[in-house]
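Student: A structural model of the following input is requested.
(one chain, ligands or ions: 1)
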Amino acid sequence: MDRVPLTRAVAEVPWSVNAPERACTRRLGTGYVHHVHELSVCQAIIDTVDQHAAGRRLRRVSLRIGYLRQVVPDSLMFSWEVLTEGTDLEGCELAVEHVPAVVVCSACHAKTTLEWPVLACERCASADVELLSGEEFLIDSMDVVEEVP
Ligand SMILES: [Zn+2]
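Tutor: Prediction:
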């Protein structure tokens, strides 16, 4: 298997009336509205990997998503299945590495992991913190299926 490093930021695409929405309405009725954020994220991922796959079949797409992005894992997986169904990406695994939000505090110098998506020190509650991680939103790599000639 051939792993292609990508490290591309996922730009969220604006939600519009397009093919994914029709596909989801068909599958889910009006329930799809609950997954709009993750659907739009997935569509952006699909657009990016399609471009880089250039016709090759993919086995796995690896993502790195920071806690502050507030992506719901189940919803992301669900959206991925809905949007890839019947496409070249059907059956391709979406591997997600969730990155915790870590801050370092200027007041007490503690390095803490955020329990809530609020930028404040978990020890002394000071808002004077520097974010070390947690804002990532990257397509890390994709695994290409080697075709036997
Ligand atoms: Zn502190």
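
Student: just the strands in the protein please.
Tutor: Counting by DSSP state E, the chain has strands at residues 2-9, 58-66, 93-99, 102-105, 111-113, 129-133, 137-144.

Student: Off-centre distance for the fourth one?
Tutor: This means strand 102-105. How far strand 102-105 lies from its chain's middle: 23 Å, per C-alpha atoms, centre = their mean, to the nearest Å.

Student: helices and strands around that strand, which ones?
Tutor: strand 111-113, strand 129-133 (3 or more C-beta pairs under 8 Å, 6 or more residues apart in numbering; DSSP states H and E). (Glycine included, C-beta is placed from N, CA and C.)

Student: same deal with the longest one?
Tutor: The contact analysis (3+ C-beta pairs under 8 Å, 6+ apart) places strand 58-66 against helix 36-53, strand 93-99, strand 137-144.

Student: Count residues in the vicinity of the nearest residue to Arg57 once chain neighbours are set aside, would you?
Tutor: Nearest residue to Arg57, sequence neighbours excluded (C-beta to C-beta, 6 or more residues apart in numbering): Val145, at 4.3 Å. Counted by other C-beta atoms under 10 Å, the residues lying close to Val145 total 13.
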